[in-house]
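>>> I need the structure of the sequence given here:
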Amino acid sequence: MPLPDFIQRDIPLTPLNTFGLPGRAALFVALETPAQLMTLIELPEWQDWSRLVLGGGSNLILTGDFPGLVLQVRMGGRALVAEDADVRQVRAGAGENWHDLVQWTLEQGWPGLENLALIPGTVGAAPVQNIGAYGLEVAERVQGLEAVDLVTGENVRFDRATCRFGYRDSVFKREAVGRYLITSVTFRLPKRWRPMTGYADVAQELETRQIVHPTARDIAEVVIAIRSRKLPDPAQIGNAGSFFKNPVVNATAFADLAARHPDLPHYPQSDGTVKLAAGWLIERCGWKGQRLGPVGVYERQALVLVNCGGARGEDVLRLSGAIRQSVRTEFGIELELEPVVIP
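Residues are numbered from 1 along each chain as shown. You can find the predicted model right below:
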C-alpha cells in the first residue's frame, strides 16, 4: 500500500527547532487535522515507526537525524466554549502559537494568562512541560485537554487531575510519554481576576513604570519587557530557553547551603521544600558568558545556553554536562535539563 501523499521524506529539522541544531527526519507530516492522524494510525507501518511529536521545537535538543516519523502539530482554532459567573473556558488547537493565544485572550478582555506571555512554543506543548513564569504555572489555568491515543487511535480527554502536573512536568513526560498526541487544550480563565505581581522583577518593573493598579495588559507588557531583556530571541540566537530546572531541596539541605552562601536566592514551597535559582548557581560557578566550542552561556542569563554558530547536539550536551559537574562539585546539587534530548 503506498503511503499517503501528505507524508514527506528526508526533511531538514534545523529550521524546526529553536536551537538551530542539524538533523533530518526520515518521514515528516505537517499535521493539520485529526483526520490525517487517523489515516496514519490505520497504516500497517504505523506501529513499526519510531515517532517524534513536534510543536514549536523550542524545548528539544536534536542529537542527529531522526530515523522515524516526525509529526509537527499544526492544528489550530481558538474559541470561547463556555462561561459562568466565575470563569470563561477557552479552547485552543494544539498547533496554535502560545504567545499569540495569550495576546488574543487579552484582546478579548479575558485575563488569566498574562504572566505566561512571550513563552515560545505551541498550545499543545504547554501542558506537557507545564510551562510557568513569574508566579504562574499553566496547570493552574488548564481545565482539560483532548488527545489521541497513538496506540489505539481513541480520542481521550484528560482533566487537570489526570494530567498529573508537577514542576515543569506532567504525565506526558513520564508514564504516558510518547503515548498521546494532544489535539486541543481548554483553559479556565477567572472572571474575578487579580494581578500576580509577587515576583521581584515584575514588581520592580511596575514601580519603574509608575503603575500602581496594573491591568492584565500591563502585566503582559511588563513580562514581555523583562523576558526580552533577559532572554535571547531564537530568531536571532539559537536557544531552547531556560535549559535547567530550578532545583528543589529539603529544608536541611537548604539550611546547610544558606549557611555557606547567605545571598543564595531561594523560594520556600508549601510542602516545606525550598526552590533555588539554577541561574544563580551556574553564574557562581563562573559560566555566565563563557563558551565551550560553538555553544555558550548567554551573557545576560546564565540559565540559557546559546548556539554561537554551527553547533550540534553533542556540543550542547558537552557544555550542559560541564555545567552540571561544576554545580555538583561546588554546591552538591544535581541540575536537571528542561529540554528533551532527541533521540
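>>> quote the end-to-end distance of stretch 131-139.
Terminal residues of stretch 131-139 lie 8 Å apart, using Cα to Cα, to the nearest Å.
>>> that should have said stretch 241-254, apologies.
First-to-last residue span, stretch 241-254, Cα to Cα: 26 Å.
>>> and that stretch, which residues are buried?
For stretch 241-254, the neighbour count (16 or more other Cβ atoms under 10 Å) marks 241-249, 253-254 as buried. C-beta: built from backbone N, CA, C; applies to glycine.
>>> and for stretch 109-127?
110-127.
>>> same deal with stretch 172-179?
172, 176.
>>> distance from the chain centre to it, please.
15 Å (Cα atoms, centre = their mean, to the nearest Å).
>>> if we can go back for a sec, next, give me the two most distant ones among the buried residues of stretch 241-254.
Spanning the widest gap among the buried residues of stretch 241-254 are Gly241 and Ala253, at 26.8 Å by Cβ to Cβ.
>>> so what secondary structure elements neighbour the lowest-mean-pLDDT helix or strand in the chain?
Sorting the helices and strands of the chain by mean pLDDT, DSSP states H and E puts strand 266-268 at the bottom, at a mean of 92. If contacts are counted by 3 or more Cβ pairs under 8 Å, 6 or more residues apart in numbering; DSSP states H and E, strand 266-268 sits against strand 274-276.
>>> just checking, what packs against the following helix or strand past the strand it packs on?
Next along the chain after strand 274-276, taking DSSP states H and E as the criterion, comes helix 278-284. Here helix 278-284 touches helix 313-331, going by 3+ Cβ pairs under 8 Å, 6+ apart.
>>> alpha carbons of the helix it packs on, as PDB, please.
Output of helix 313-331 as PDB, limited to C-alpha atoms (Å, rounded to 0.1, in the frame of the first residue of the first chain):
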ATOM      1  CA  GLY A 313      23.500  18.400  19.700                       C
ATOM      2  CA  GLU A 314      26.700  16.800  21.000                       C
ATOM      3  CA  ASP A 315      28.200  20.200  21.600                       C
ATOM      4  CA  VAL A 316      25.200  21.300  23.600                       C
ATOM      5  CA  LEU A 317      25.300  18.200  25.800                       C
ATOM      6  CA  ARG A 318      29.000  18.600  26.300                       C
ATOM      7  CA  LEU A 319      28.600  22.100  27.700                       C
ATOM      8  CA  SER A 320      25.500  21.200  29.800                       C
ATOM      9  CA  GLY A 321      27.400  18.300  31.200                       C
ATOM     10  CA  ALA A 322      30.300  20.500  32.200                       C
ATOM     11  CA  ILE A 323      28.000  23.000  33.900                       C
ATOM     12  CA  ARG A 324      26.200  20.200  35.800                       C
ATOM     13  CA  GLN A 325      29.500  18.900  37.000                       C
ATOM     14  CA  SER A 326      30.600  22.400  38.200                       C
ATOM     15  CA  VAL A 327      27.300  22.900  40.200                       C
ATOM     16  CA  ARG A 328      27.500  19.400  41.600                       C
ATOM     17  CA  THR A 329      31.100  19.900  42.800                       C
ATOM     18  CA  GLU A 330      30.500  23.400  44.200                       C
ATOM     19  CA  PHE A 331      27.100  23.100  45.700                       C
END
